[in-house]
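> coords please:
(one chain, ligands or ions: 1)
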Amino acid sequence: MASSTSEFLITARWIVPVVPEGLVLKNHALVIKESIIKDLLPVTLAKEQYPNATAVDLPQHMLTAGLVNTHGHAAMSLLRGYADDRELMDWLSNHIWPVEMKLVDYDFVKDGSTLAVAEMISTGTTCAADTYFFPEAVAEAFTENKFRGQVATPIIQFPNAWAENEGQHIQKGLEFGDSIKDNDLISTAFAPHSPYTVTDKALEQVRIHTEALSLPVHLHLHETLDEVEGAVAKTGKRPIQRMHELGLISESLQTVHMTQLIEQDFELLADKGVHLAHCPESNMKLASGFCPIEMLKKNGVNVAVGTDGAASNNNLDMLEETRSAALLSKAVSADATSVNAFEALSMATINGARLLGLDSKIGSLQKGKQADIIAVDLSGINFQPIHHPVSQLIYTTSGHQVSHTWIGGELLYANNQLTQLDEPRLRAVVEEWRQKIEKVS
Ligand SMILES: [Zn+2]
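Residues are numbered from 1 along each chain as shown. From the prediction side, this is the model:
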């Protein structure tokens, strides 16, 4: 059997490939060649067939697919814990937007996004969907640190440091899309902020451009009851209806939140193939409401998980978020069988990849896919005994148990240490930003 030194093996006590759902392999190995998963087979066979390959042996660990965070604002990690315990519009209008007006620039976004990347890599996220001003700074932070992501162009009617008006946001978004088209790690989308901050005229433009360029649309939708009632009072229409009339309810749409749904929405969303980035902790923290994901799933809507920004969470820990999603769905649907552990893991991985249109490339440990892999250390006394490793992963661990993270075969986190990102420098930069934020507050 051919074997070359460019291949390496990762052996582990358990490998959970995600697809097919429910499969747990014991004492298996992944064979990685360059950025790709070349094979998945029992350890004994792997050592026979690939005698020259170097091996990373993880006897107490589970390997699974890298987690896909489907909604966030990475740069807002600099505002983690800045204005907690407030309702959404007070939080945004009186705290977040004023400080953003004063401080957000290219460097703020680059440094904040780097902080988020450090946290995501060290807690097992290997791909994230991001929406924020200066997407070129987000893309730079991701690319420099070999992190994968969908970096969307924000569109909002208020002037800000990045763009003056909706038209300029769209123009800059087109230029940004052009600039990343040869970047293997970065894809893009248009992200109108929400129905209440974007005009019909801009949304029509978004539909025309995204259809022409086959790009997704990423949109906060039906986040709160106020949003829906406000829209009905103003226009006589619920935002979903307005988006539908504008032609935006389609399989290209990645909706975020959707805590306020009625019976007729389920069928429409399922029929059109809309995807959902479910952010349960942000919804709970801002008292936005509960997204009925069991009903959406039953109707065939693709449900994935997102953390939202660290300013409303307050972390980017996808394992913790996924546990919240599973527990909350049981509570909201009054059904303890809702979102079992395997379904929860699928929501955090392959469903996220599907939402991003990247499911042929990432989201599971299958031959030919990118080697986006995490190892979770289950040796701690608090994880014993291990009857069902995937139950342990979802209901007992958090991102702190992630010990290794590979993206495209590149080991970016090993034995609980970032291998490439300069953490001391990052800490110093973040402290400078803390002082600047304090000064303008
Ligand atoms: Zn958000």
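> now do the helices in the stretch 251-400 of the chain.
Counting by DSSP state H, counting those that start in this stretch, residue ranges of the helices within the stretch 251-400 of the chain are 263-272, 280-285, 293-298, 318-333, 341-348, 350-355, 389-395.
> ranking those helices by burial, who's on top?
Relative to the other members of the helices of the stretch 251-400 of the chain, helix 350-355 carries the highest mean neighbour count by mean count of other Cβ atoms under 10 Å, namely a mean of 26. No exception for glycine: its C-beta is placed from N, CA and C like everyone else's.
> list of residues touching it?
With Cβ atoms under 8 Å, 6 or more residues apart in numbering as the test, helix 350-355 has contacts from 18-19, 65, 67-70, 127, 129, 254, 275-277, 302-306, 359, 361-364.
> what ranges of the stretch 51-200 of the chain fall below the confidence cut-off?
Within the stretch 51-200 of the chain, no range satisfies pLDDT under 70.
> show me where it has helices.
Along the stretch 51-200 of the chain, the segments classed as helices by DSSP H, counting those that start in this stretch run 88-91, 97-103, 106-122, 135-144, 166-179, 200-213.
> could you check the angle helix 318-333 makes with the longest one?
Same thing as helix 106-122. Put simply, helix 106-122 runs at 80 degrees to helix 318-333, going by axes from the mean of the first three to the mean of the last three Cα atoms, to 10 degrees.
> now do the buried residues in helix 106-122.
108-122 (16 or more other Cβ atoms under 10 Å).
> tell me what it is packed against?
With contacts taken as 3 or more Cβ pairs under 8 Å, 6 or more residues apart in numbering; DSSP states H and E, helix 106-122 sits against strand 125-131, helix 135-144, strand 402-407, strand 410-414, strand 417-418, helix 423-440.
> could you dump the ones you listed into CSV and include distance to I262 and mean neighbour count?
Converted to CSV, the helices and strands packed on helix 106-122 look like this (distance: least, Cβ to Cβ, whole Å; neighbours: other Cβ atoms under 10 Å):
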stretch, distance to I262, mean neighbour count
strand 125-131, 26, 29
helix 135-144, 34, 22
strand 402-407, 39, 25
strand 410-414, 43, 19
strand 417-418, 45, 14
helix 423-440, 40, 12
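> minimum distance to S194: which of those has it?
strand 125-131 (10.8 Å; Cβ to Cβ).
> any idea of the angle that closest one forms with helix 341-348?
Counting by the same axes, to 10 degrees, strand 125-131 lies at 50 degrees to helix 341-348.
> strand partners (parallel or antiparallel) of strand 125-131?
strand 67-72 (parallel), strand 148-155 (parallel) (DSSP bridges).
> winner for burial among those strands?
Neighbour counts averaged per stretch over the strands paired with strand 125-131 are highest for strand 67-72, at a mean of 31; criterion: mean count of other Cβ under 10 Å.
> tell me the angle of the longest strand along the chain relative to strand 125-131?
When the chain is parsed with DSSP state E, its longest strand is strand 54-65. Between strand 54-65 and strand 125-131, the angle formed by their directions is 50 degrees, by the same axes, to 10 degrees.
> tell me which residues are up against strand 54-65.
5, 8-18, 29-30, 47, 345, 349-350, 362-365, 372-379, 389, 393, 403-404, 411.
> now a PyMOL select for only the buried ones of those residues.
What follows is the PyMOL syntax selecting those of the contacts of strand 54-65 that are buried according to 16+ other Cβ under 10 Å:
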select buried, resi 8+9+10+11+12+13+14+15+16+17+18+29+30+345+349+350+362+363+364+365+372+373+374+375+376+377+378+389+393+403+404+411
